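In: Need a 3D model of the following:
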Amino acid sequence: MKSETIAIKAINNYRKRDIIAYLSLRYYLDTSVSKTDVWAKEVAVNLSIKNETPNFLKTKHFKSFIDNEIKQRTIYVPGPNDIIAESVLINECSNFIEFYSNKSVYSYLLVSDEEDSIYKHYMHGWKERYNSIKQACENNIDQEVIYFDIKSFYPSISLDLARDKWIEACGKAKINDTIKRLGINFLSKYEKVQSDSNEKGLLVGPMFSHLIANLVLNEVDGTMETITNDKYWRYVDDIIIIGTSEEVKVYAQKLTELLEALNLDLHKEDKIFQISTKDWLSNSIAIDQELSNKWMKRINDLKNFIKMSSDQINDLNNTFKRNNIRIDIPMISEDIRSKSRRNRRLEDWFGNLIGNRKLSVSEIVNDFKILNKYYIDLFKSKVELKIDNTLGLKSHHTLLRYLVGRLIYLSSEEDLIMVSSKIADIPELKLQYEIIKSLISLDISMILRLGSNAAQAAAQVIKIKSKVVKCYITSPNSYEIQGLSIFKFHGISIEFGEETTVEEPLFKFASGNIKASKSIDDQFLNEFGALHGNTESKHEETLDSLFNENESWSFDAMESDYGYGY
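Out: Here you go, the predicted structure:
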């Protein structure tokens, strides 16, 4: 195991979840000792077990836009020490088969301890599930495909049930007692943080919750696999079953009974739909592998360029900006630079051996411009297609989100105005529409109302255009202030439309007043400030740099709405 395995797993998973939690984690890992796996396993775990007080950032994420109403998801993100301890726990569980899901499950799959994440990337599960369903449809051309959705999945899982399933799995695996106690401690904290609620369910936000949710449904998944002859698939709370017209009725009834035994319910008829396998094959279109490869090829080229030509990052950033490319290249620390220099001779030798060559700044930029034209042309050819069935429309919207998410980073404002006009009336692209709108106008009022994930997605691209934005919310609530703080963490100033004064400590802390974090009884913010230290603000420079060479790049406008309604 590498010396910073646990730290980079935590970094890569929580960077995509919440930028505030990520920033606090970076400050926690700001010493050579705290980065090590020894610290994670021996210090962070014991601190987490001994500290029984819950420490969470409670926030709101945009979920959907239905009937002209914004739907949000409440997210609880653990403090940095618990994030590290949680990563140790999940990493340890990955060594025991008892914690792995059934073959019918495609979400939050455990990975080996040598990989740089806690779970496999969500796109891996999506693609694997799609290919499996496609093959089943081809083999059962005269059958039916039925879709189900578990209602309020995570919050409906009682913590007593979660605890029982955790203890049961630990017993079967004979996992060490420290890890077992750590898991029980986490669940106890989940209960305490919901002390003002009558119904205390599994929290949405912690990575441990995903492991628990899969354990809770393990027997359900196994039973459904057996009775359907492996024609059952689950991705978080989305369930798909294939069978004859009569079989799917029986399967649906059995699934309902199994879930009800766990006090879980399926959504009613409005969330369930059925389609023939033949029609499924005609209407369920996955993101084409070639389409996906085009983006990944450009990003991999970019990563290699940065490793090999780190002295040209400023030139590349400036050239990107002149060409309306909103990809902000993270700065490379001297430590990472020195590692790159040590490896460069070997990489040059290997590159020459296989025929690779370094790309220039102009070649990198030109490749992205070609990719942008490809995406624009494809978007224009697809956006106005008339589709009259539920599954076809879902696939269509998935493709449009994929394209628009990338166009936000690559297209000129003129093209983005065209794109936004085409998607303005599509509720499933509300988030992308509002990101574009805020980028053009620099008015972030609506973005703040959507949620903190929307604020981060917008801030990431806006900061390349401007260091000043406008806000016309007179009295922002606590969650909107979190969004405002995200812009301040990025070094972006905010001009309010009226005489608006934001006095909340988080906003002041994000604005550079480090002492503001000590002024109230907020454990998360207190710890956040203590970890930063009594120095000049380093928020912006931290967000503009990588933790180490293994940190994944995040493109928030592409990934911020791919979550599920758990």
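In: what residues does stretch 195-209 touch?
Out: 13-14, 17-18, 56, 73-78, 82-83, 86-87, 89-90, 118-119, 152, 154-159, 162, 183, 186, 190-191, 193-194, 212-213, 566 (Cβ atoms under 8 Å, 6 or more residues apart in numbering). Yep, even glycine has a C-beta here, placed from its N, CA and C like the rest.
In: For the stretch 351-500 of the chain, give me the ranges with low pLDDT.
Out: Residue ranges of the stretch 351-500 of the chain with pLDDT under 70: 351-357.
In: At which residues are the helices of it located?
Out: Here the stretch 351-500 of the chain has its helices, by DSSP state H, counting those that start in this stretch, at 361-382, 390-410, 413-423, 430-441, 445-450, 452-465, 478-489.
In: Could you give the number of residues near T542?
Out: 16 (other Cβ atoms under 10 Å).
In: so who does it touch?
Out: Contacts of T542 (Cβ under 8 Å, 6+ apart): L23, R26, Y27.
In: With K60 instead?
Out: Q72, R73, T74, I75, G451, S452, Y479, Q482.
In: Report the beta-bridge partners for it.
Out: T74 (DSSP bridges).
In: got a pLDDT number for it?
Out: Per-residue pLDDT puts K60 at 96.
In: on that earlier part again, out of the contacts of K60, which end up buried?
Out: Q72, R73, I75, G451, S452, Y479, Q482 (16 or more other Cβ atoms under 10 Å).
In: Save those as CSV, and put in distance to D265 too.
Out: Formatted as CSV, the buried ones among the contacts of K60 follow (distance: Cβ to Cβ, whole Å):
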residue, distance to D265
Q72, 21
R73, 18
I75, 22
G451, 26
S452, 29
Y479, 28
Q482, 31
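In: what's the most distant pair in those?
Out: R73 and Q482 (14.0 Å; Cβ to Cβ).
In: Pull out the buried residues from stretch 372-381.
Out: Buried residues in stretch 372-381, counting neighbours by 16+ other Cβ under 10 Å, are found at N372, Y375, I376, L378, F379.
In: contacts for it?
Out: 291, 294, 325, 400, 403-404, 406-407, 410-411, 415, 419, 422.
In: any idea how far that stretch is from the chain center?
Out: Stretch 372-381 sits 26 Å away from the centroid of its parent chain (Cα atoms, centre = their mean, to the nearest Å).
In: Low-confidence ranges, the chain, go.
Out: For the chain, residues meeting the criterion pLDDT under 70 lie at 1-2, 199, 269-271, 332-357, 519, 560-566.
In: most remote residue from it's center?
Out: E246 (38.4 Å; Cα atoms, centre = their mean).
In: since we're on the nearest residue to H539 once chain neighbours are set aside, how many residues are nearby?
Out: Once flanking residues are discounted, H539 sits nearest to F489: 4.5 Å by Cβ to Cβ, 6 or more residues apart in numbering. Applying the criterion other Cβ under 10 Å, we find 24 residues in the vicinity of F489.
In: so how far is S537 from F489?
Out: 9 Å (Cβ to Cβ, to the nearest Å).
In: again with L484
Out: 16 Å.
In: more crowded one of those two?
Out: Taking other Cβ under 10 Å, L484 and S537 do not tie; L484 has more neighbours (25 against 17).
In: The more buried one against T500, yeah?
Out: No - look at L484 against T500 with Cβ atoms under 8 Å: they stay out of range, at 10.0 Å.
In: Touching both of these two, which residues are there?
Out: With Cβ under 8 Å, 6+ apart as the test, L484 and T500 both reach C471, P476.
In: And for the closest residue to I464 other than its chain neighbours, the neighbour number?
Out: What sits nearest to I464 in space, not counting adjacent residues and going by Cβ to Cβ, 6+ apart, is R326, at 4.8 Å. Neighbour count for R326, taken as other Cβ under 10 Å: 19.
In: and R326, helix, strand or coil?
Out: When classified by DSSP: H, G, I helix; E, B strand; the rest coil, R326 comes out as coil.
In: Next, give phi and psi for it.
Out: phi -100, psi 50 (degrees, to the nearest 10).
In: what sits against the residue nearest to I486 when sequence neighbours are not counted?
Out: Spatially, and ignoring its direct neighbours in sequence, I486 is nearest to A455 (4.5 Å; Cβ to Cβ, 6+ apart). Shown in contact with A455 (Cβ under 8 Å, 6+ apart): I444, I447, L448, Q482, G483, L484, I486, F487.
In: still on that earlier bit, distance check, the residue nearest to H539 against I514.
Out: According to Cβ to Cβ, F489 and I514 sit 13 Å apart.
In: Could you do N293 as well?
Out: N293 is 45 Å from I514, by Cβ to Cβ.
In: Those two: which is more packed in?
Out: Comparing N293 with I514 by neighbour count (other Cβ under 10 Å), the higher total belongs to I514, at 20 against 11.
In: Now do the contacts for the more buried one.
Out: Counting by Cβ under 8 Å, 6+ apart, the residues that I514 touches are G529, H532, G533, N534, T535, S537.
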